[in-house]
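In: Pasting the sequence and the predicted coordinates here, then a few questions.
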Amino acid sequence: MRLAAFVSRVNTTRAGDWVTAADALRMATINGANAIPAWRGKIGAIRTGYCADLAILKPRLALYPFNDVIHQLVYCERGQSVDTVLVNGEIVVRNGRLTRLDENTLTTAVTPISKKMFRIYSRIKNQRDANDPTVESLYRRAVRANRRPTNLT
């Protein structure tokens, strides 16, 4: 949500064209649910007959003081306040901990895979020619295109 709001500011200085916190929240909930025709009328809102997919937050410091809860959810919350999560009515996170998986077992299983992926990524990254102009050229073109005063006022 935060990224959607920030990215909307890249090409225009007109605040009226920016995605607001309320817009971003709507995009992440009901609009996201409506994007998939098979799910319309089944998810994305708290209503009778809808799947009970809910995240319950226990406010932490990032959300205090409560001034504008939607603004604070979009711009301040980073997941640390998630206390309980229900998916289709079943609790999958309770007190900030997964209920269907043992987190220690999961991290133990994922660690060797992560280390291997990091080694592979490091080799690929190191193989790139430092003088390869491709990425730099693309970046320069993007910056030049963005400097054109097409919709900046």
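Out: Here it is on my side, so go on.
In: ok, Phe6 - how many residues close by?
Out: For Phe6, the count of nearby residues is 14 (other C-beta atoms under 10 Å). (C-beta placed from N, C-alpha, C; glycine too.)
In: Give me the buried positions along the helix or strand where it lies.
Out: In this structure, Phe6 sits in helix 2-7 according to DSSP states H and E. Using 16 or more other C-beta atoms under 10 Å as the test for burial, helix 2-7 gives Ala5.
In: what residues does that helix touch?
Out: With C-beta atoms under 8 Å, 6 or more residues apart in numbering as the test, helix 2-7 has contacts from 18-21, 23-24, 27-28, 74-75.
In: Which members of those residues occur in helices, if any?
Out: Counting by DSSP state H, the contacts of helix 2-7 place 21, 23-24, 74-75 in helices.
In: which of those residues sit farthest apart?
Out: Pairwise distances across those (C-beta to C-beta) peak at 12.8 Å, for the pair Asp23 and Tyr75.
In: OK, contacts around Asn1?
Out: One thing to correct before we go on: residue 1 is Met, not Asn. By C-beta under 8 Å, 6+ apart, the residues touching Met1 are 21, 24-25, 27-28, 73-74.
In: Same check on Ile120?
Out: Going by C-beta under 8 Å, 6+ apart, Ile120 touches no other residue.
In: tell me the mean pLDDT for the longest helix seen in the chain?
Out: Counting by DSSP H, the longest helix found in the chain is helix 103-127. The average pLDDT for helix 103-127 rounds to 86.
In: Likewise for stretch 63-71?
Out: For stretch 63-71, the per-residue pLDDT averages 84.
In: what comes up buried for it?
Out: Quick answer for stretch 63-71 (16+ other C-beta under 10 Å): Leu63.
In: Where do the strands of the protein begin and end?
Out: In the chain, the strands defined using DSSP state E lie at 54-57, 82-87, 90-94, 97-98.
In: What is the least confident helix or strand in the chain?
Out: Across the helices and strands of the chain, the lowest-confidence element by mean pLDDT, DSSP states H and E is helix 134-147, at a mean of 71.
In: Any chance of the ones in helices among the contacts of helix 2-7 in JSON lines with neighbour count and distance to Ile56 as columns?
Out: JSON lines is the format used below for the ones in helices among the contacts of helix 2-7 (neighbours: other C-beta atoms under 10 Å; distance: C-beta to C-beta, whole Å):
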{"residue": "Ala21", "neighbour count": "19", "distance to Ile56": "20"}
{"residue": "Asp23", "neighbour count": "17", "distance to Ile56": "23"}
{"residue": "Ala24", "neighbour count": "23", "distance to Ile56": "20"}
{"residue": "Val74", "neighbour count": "23", "distance to Ile56": "17"}
{"residue": "Tyr75", "neighbour count": "16", "distance to Ile56": "20"}
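In: Fine by me, we can end here.
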